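1. sharing a sequence plus its predicted fold:
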Amino acid sequence: MDIKYLNGKKIGITAFDLEQKEHRGIAAVNKSLIQLLCKNGAEIYLITSLGAKRSKIFEGAFIKKKLLEEIYISDILSSLQEGIHYRGIFQTDHVYRIKLIIVLFFNTIKLFFTGFKLNYKIFKLSKYHKLTNIFDNRLEYVKDISGLVVSKNIFHLCRMSSMRILPKTPILPIKKNQLDLIITSSPLSIRSNSKKYTNIIQLIHDAIPIQLSSHHENPIYFYNRLKDSHKYSSCVYVSNESKRAVRDILEIKDKQDNPNDILYPLPSLSLELLNEAKNIKNLRSINKPFILFNSSIVDRKRVEKTISYFKRSNLVDNNFLLCIAGKLHKSKYCEYIKDICKDNKNILLLDYVNELEKGWLFLNASLLISTSTVEGFGVPILDALSINLPCLASNLPTFKEIKAFTKNNNLTLVKQNQDLIWIKNLNKVKEFNLEDFDKKSERIDNFSKFINKLESQILFKINSYLD
């Protein structure tokens with residue numbers, strides 16, 4: 001597909017979720033969006049809070065510009081490769097916490113003198129930067145990045161604004177001749193404040209931190225993020241359900257409907273990795289038919305329900321495995337999941353899987369199962385739909401939206417409390433032969449056809465926000 005109107009357009013995308021140690025659903029959405037926009041002619045700039053690890057705070061003034069640029073780029077790419085668990089390190093590393101508080105104190109004072117305008121640097125990435133610093137599939141998306149917009153601690157300062165520690169919302173003063181559009185991957189307390197600055201559109205995924213008491217995010221701070229994003233920016237939602245939930249909480253009464261404010265995410269799978277995965281015979285000693293659960297292991301996913309249904313079905317007798325692919329956190333819930341799976345040879349806790357491993361699991365699974373209680377969207381369900389992999393999932397509003405994407409699909413939705421129906425559906429699962437390359441090729445062909453249609457819709461909607 002040749003989308004001429006994106007040629008030469010410079011689009012900035014925030015990297016907060018890509019900076020994290022664990023790449024979850026929002027990071028997958030980011031990667032797919034980056035790949036799509038780059039493929040269709042746009043230059044993508046990653047807006048990051050990371051900086052140089054090897055340059056001390058006062059050394060920058062004495063280092064030549066070119067050298068400083070090289071240090072920044074290599075250090076930032078290294079940090080993206082390693083990932084940072086911001087919340088965890090802040091809670092456990094006292095030295096890090098004290099240093100960060102001191103730095104943010106001086107950053108705040110500086111904001112008062114700059115009219116709350118954030119400082120930033122723009123660096124271009126060369127093919128040599130990418131060849132030197134991309135080690136595995138975690139940084140595969142960097143191949144589609146043209147440059148970095150570095151605004152040190154931008155996400156911490158935005159969070160301080162949502163906590164109402166800052167008296168004003170920070171301004172990102174990037175001029176329109178530098179970037180044509182900025183997309184935040186999740187709601188931020190930030191503004192552009194002037195017609196001469198680049199427009200910001202904010203991607204809204206859900207209201208889960210408010211809806212679920214077990215969520216780690218402070219609900220009031222998250223509410224402020226949502227409120228600020230709607231006040232200062234154009235907002236787009238990943239589903240009609242997320243739009244309904246968020247606007248209801250914010251008490252937005254505007255009934256005027258914008259057809260371009262729903263931006264369904266792309267699947268997290270890629271054609272390149274699916275083709276590569278097709279030639280891999282087995283993964284982590286999986287040599288039996290299996291059903292797949294793919295999500296981070298948190299309580300709202302109700303992983304224990306999946307495990308219970310599997311144990312009570314005939315799948316174990318039919319020599320099936322249950323593969324649970326998702327990050328096992330240091331939490332009571334994950335310890336509980338480990339405990340109910342111990343000594344069961346038919347249940348594999350795979351923990352976090354990389355993009356290639358995930359592609360293999362989807363390509364070879366007999367079924368995807370999701371017992372989640374609430375979702376803003378549900379990328380694993382979309383992944384299954386894109387390759388026509390049979391899927392059994394909770395009867396959530398957002399999953400109903402996904403099911404409507406195609407007329408004839410293998411997505412079965414079941415009410416959460418109907419245990420016997422879940423088990424009955426599992427008993428009907430047909431074995432997928434791990435050595436059936438024709439069937440794998442058919443799934444990849446389905447993906448190719450599905451992705452083309454969805455990409456066209458996304459590109460059309462993003463273009464409506466470009467000047």
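-> Looks like it arrived, so ask away.
2. for the stretch 101-250 of the chain, which spans come out with low pLDDT?
-> Residues of the stretch 101-250 of the chain meeting the criterion pLDDT under 70: none.
3. try it again at 90.
-> Applying pLDDT under 90 to the stretch 101-250 of the chain picks out residues 130-138, 140, 192-196, 213-216.
4. gap between the nearest residue to residue 397 once chain neighbours are set aside and residue 409?
-> The shortest distance from residue 397 to any non-neighbouring residue, by Cβ to Cβ, 6 or more residues apart in numbering, is to residue 241 (4.2 Å). Quick note: C-beta positions are derived from backbone N, CA and C, even for glycine. For residue 241, the distance to residue 409 (Cβ to Cβ, to the nearest Å) stands at 19 Å.
5. ok, residue 42 next?
-> Taking Cβ to Cβ, one finds residue 42 at 31 Å from residue 409.
6. more neighbours: which of these two?
-> residue 42 (25 against 19; other Cβ atoms under 10 Å).
7. isn't the more buried one right up against residue 10?
-> Yes - contact criterion Cβ atoms under 8 Å: residue 42 and residue 10 qualify, at 7.3 Å.
8. tally of neighbours for the closest residue to residue 433 other than its chain neighbours?
-> Excluding its sequence neighbours, the residue lying closest to residue 433 (Cβ to Cβ, 6+ apart) is residue 439, at 7.0 Å. Neighbours of residue 439 under the rule other Cβ under 10 Å: 14.
9. export stretch 434-442 as PDB, just CAs?
-> C-alpha atoms of stretch 434-442 as PDB (Å, rounded to 0.1, in the frame of the first residue of the first chain):
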ATOM      1  CA  LEU A 434       3.000 -28.900  15.300                       C
ATOM      2  CA  GLU A 435       4.500 -30.300  12.000                       C
ATOM      3  CA  ASP A 436       1.700 -29.100   9.700                       C
ATOM      4  CA  PHE A 437       3.500 -26.400   7.700                       C
ATOM      5  CA  ASP A 438       0.600 -26.000   5.300                       C
ATOM      6  CA  LYS A 439      -1.700 -25.000   8.200                       C
ATOM      7  CA  LYS A 440       0.900 -22.600   9.500                       C
ATOM      8  CA  SER A 441       1.200 -21.000   6.100                       C
ATOM      9  CA  GLU A 442      -2.600 -20.700   6.000                       C
END
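10. residues contacting residue 39?
-> Listed by Cβ atoms under 8 Å, 6 or more residues apart in numbering, the contact partners of residue 39 are residue 144.
11. I should have written residue 194 there, sorry.
-> Residues near residue 194 by Cβ under 8 Å, 6+ apart: residue 173.
12. which strand or helix spans it?
-> Of the helices and strands defined by DSSP states H and E, none includes residue 194.
13. could you check how far residue 134 is from residue 18?
-> Note on residue 134: its distance to residue 18, by Cβ to Cβ, is 13 Å.
14. which one's more surrounded, the two?
-> Ranked by neighbour count (other Cβ under 10 Å), residue 134 and residue 18 place residue 18 first, with 22 against 17.
15. I'd guessed that one sits against residue 77; true?
-> No - with contact defined as Cβ under 8 Å, residue 18 does not reach residue 77; the gap is 11.3 Å.
16. run a quick neighbour tally on residue 22.
-> Neighbour count for residue 22, taken as other Cβ under 10 Å: 13.
17. and it, how far from residue 295?
-> Distance, residue 22 to residue 295, by Cβ to Cβ: 12 Å.
18. just to be sure, the residue nearest to residue 397 is in a helix?
-> Yes - Residue 241 forms part of a helix when assessed by DSSP: H, G, I helix; E, B strand; the rest coil.
19. who are the contact partners of it?
-> Going by Cβ under 8 Å, 6+ apart, residue 241 touches 376, 396-398, 401.
20. which of these are buried?
-> The neighbour-count criterion (16 or more other Cβ atoms under 10 Å) marks 376, 396, 398, 401 among the contacts of residue 241 as buried.
21. can you redo these as CSV with pLDDT and secondary structure?
-> As requested, the buried ones among the contacts of residue 241 are arranged in CSV below (pLDDT from 0 to 100; DSSP: H, G, I helix; E, B strand; the rest coil):
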residue, pLDDT, secondary structure
376, 86, coil
396, 95, coil
398, 95, helix
401, 95, helix
